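A.B. asks: my questions are about this predicted structure, shown below with the sequence.
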Amino acid sequence: MGAAVTFVDRALILNPNLAGAWWASGWTRVYLGEPDLAIKHFARAMRLSPLDPHMISMQGGTAFAHFIAERDDEALSWAEKALCVQANMASLEIMTASNALAGRITEAQKTMARLRDLNPALRVSNVKDWVRFGRPKDLARLEDGLRKAGLPE
């Protein structure tokens, strides 16, 4: 991941107005467990390109960043914004886990049903196969939230 940071930082130096580089940097920072920097970089990308086709990914990335920072209400809000554009696994995962970890089990179970409709093979044991976090504690937190929402082992 060190090479990714080097390349994305270089891209930002070469062209600080390149929304795609800020987007890539945001996801890199989520992976590295740097949520506040990720949020700033996603925000910059959204300001630079408000009609960007990757907007859903920027909003979802912001949701992930708030989630790993343990700000469940903010994570939920950003996941909802992304879901207004299109139903997608990433935003539903964060919405489900955030609701469950905040004690809103009924809401978490509703979004879990939508998540399972999109991916019936989804299990706690295979979350690590489709969500990449650099810090084990971030993956464990997501798994815990999904488990509390009713995802089978």
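C.D. replies: Yep, it's here.

A.B. asks: can you give me the buried ones in the helix or strand hosting Ala97?
C.D. replies: Here Ala97 sits within helix 89-101, counting by DSSP states H and E. Under the neighbour-count criterion of 16 or more other Cβ atoms under 10 Å, helix 89-101 has 90-101 buried. No exception for glycine: its C-beta is placed from N, CA and C like everyone else's.

A.B. asks: quick check: next helix or strand after it?
C.D. replies: Proceeding N to C from helix 89-101, the next assigned helix or strand is helix 105-118, under DSSP H and E.

A.B. asks: now that next one against helix 89-101, angle please.
C.D. replies: Orientation check (axes from the mean of the first three to the mean of the last three Cα atoms, to 10 degrees): helix 105-118 against helix 89-101 gives 160 degrees.

A.B. asks: what does the helix or strand just after helix 105-118 contact?
C.D. replies: Note on helix 105-118: by DSSP H and E, the next helix or strand toward the C-terminus is helix 127-130. Applying Cβ atoms under 8 Å, 6 or more residues apart in numbering, the contact partners of helix 127-130 are 89, 139, 142-143, 146, 151.

A.B. asks: on that earlier part again, turn the buried residues of helix 89-101 into TSV, including pLDDT and distance to Ser125.
C.D. replies: TSV is the format used below for the buried residues of helix 89-101 (pLDDT from 0 to 100; distance: Cβ to Cβ, whole Å):
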residue	pLDDT	distance to Ser125
Ala90	88	19
Ser91	91	22
Leu92	93	18
Glu93	94	15
Ile94	95	19
Met95	95	21
Thr96	96	17
Ala97	96	16
Ser98	96	21
Asn99	96	21
Ala100	97	17
Leu101	96	19
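
A.B. asks: what's the offset of stretch 78-97 from the middle of its chain?
C.D. replies: 9 Å (Cα atoms, centre = their mean, to the nearest Å).
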